[in-house]
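S.K.: Predicted model, plus sequence, below.
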Amino acid sequence: MSIYVGNLSYEVTQDDLTQTFAEYGKVKRVQLPTDRETGRLRGFAFVEMETDAEESAAIEALDGAEWMGRDLKVNKAKPREEKGSFGGGGGGGGNRRY
């Protein structure tokens, strides 16, 4: 299982997340997704820890906490849905500008 960490600063690094979550246990892996086109961070991450107890402690301590000028959203990550299960489509809406 992994932890979803949302509302992150776009300046955050893997080391920043590792150090912060290491206060609650051993961090196995940190993923910081980037936008395919721009290479810019997407504002969220996934953190995997050694045990469920460590993950729970980190979630309880960090959800709603202010970090790097932002209020974090921290919870158990939901399993990724299989693509194409509803006949395709979806996606990001093409080239619309808002």
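M.R.: Structure's in. What do you need?
S.K.: alpha carbons only for contacts and neighbour counts from here, please
M.R.: Fine.
S.K.: number of nearby residues for the nearest residue to Arg40 once chain neighbours are set aside?
M.R.: Leaving aside its chain neighbours, Arg40 sits nearest to Thr34 (5.3 Å; criterion: Cα to Cα, 6 or more residues apart in numbering). Number of residues near Thr34 (other Cα atoms under 10 Å) recorded here: 14.
S.K.: and Thr34, what are its bridge partners?
M.R.: Leu41 (DSSP bridges).
S.K.: quick one: buried residues of the longest helix seen in the chain?
M.R.: The longest helix of the chain (DSSP state H) is helix 52-62. Buried residues in helix 52-62, counted by 16 or more other Cα atoms under 10 Å: Glu54, Glu55, Ser56, Ala58, Ile59, Leu62.
S.K.: Need the CA coordinates for it. CSV is fine.
M.R.: The C-alpha trace of helix 52-62 is given here as CSV (Å, rounded to 0.1, in the frame of the first residue of the first chain):
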residue,chain,number,x,y,z
ASP,A,52,1.0,-0.2,7.6
ALA,A,53,1.5,1.1,11.1
GLU,A,54,4.1,3.6,9.9
GLU,A,55,1.9,4.7,7.1
SER,A,56,-1.0,5.2,9.5
ALA,A,57,1.1,7.3,11.8
ALA,A,58,2.3,9.5,8.9
ILE,A,59,-1.2,10.0,7.6
GLU,A,60,-2.6,10.9,11.0
ALA,A,61,0.3,13.3,11.7
LEU,A,62,0.5,15.0,8.3
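S.K.: Now whichever helix or strand comes after that helix: average pLDDT?
M.R.: Counting by DSSP states H and E, the next helix or strand C-terminal to helix 52-62 is strand 66-67. In this model, strand 66-67 carries a mean pLDDT of 96.
S.K.: Stretch 7-17 too?
M.R.: Rounded mean pLDDT across stretch 7-17 is 96.
S.K.: pLDDT weak spots in the chain?
M.R.: Counting by pLDDT under 70, the ranges of the chain that qualify are 83-98.
S.K.: which residues of it fall in strands?
M.R.: 3-6, 27-31, 44-49, 66-67, 70-71, 73-76 (DSSP state E).
S.K.: Kind regards, and thank you for your time.
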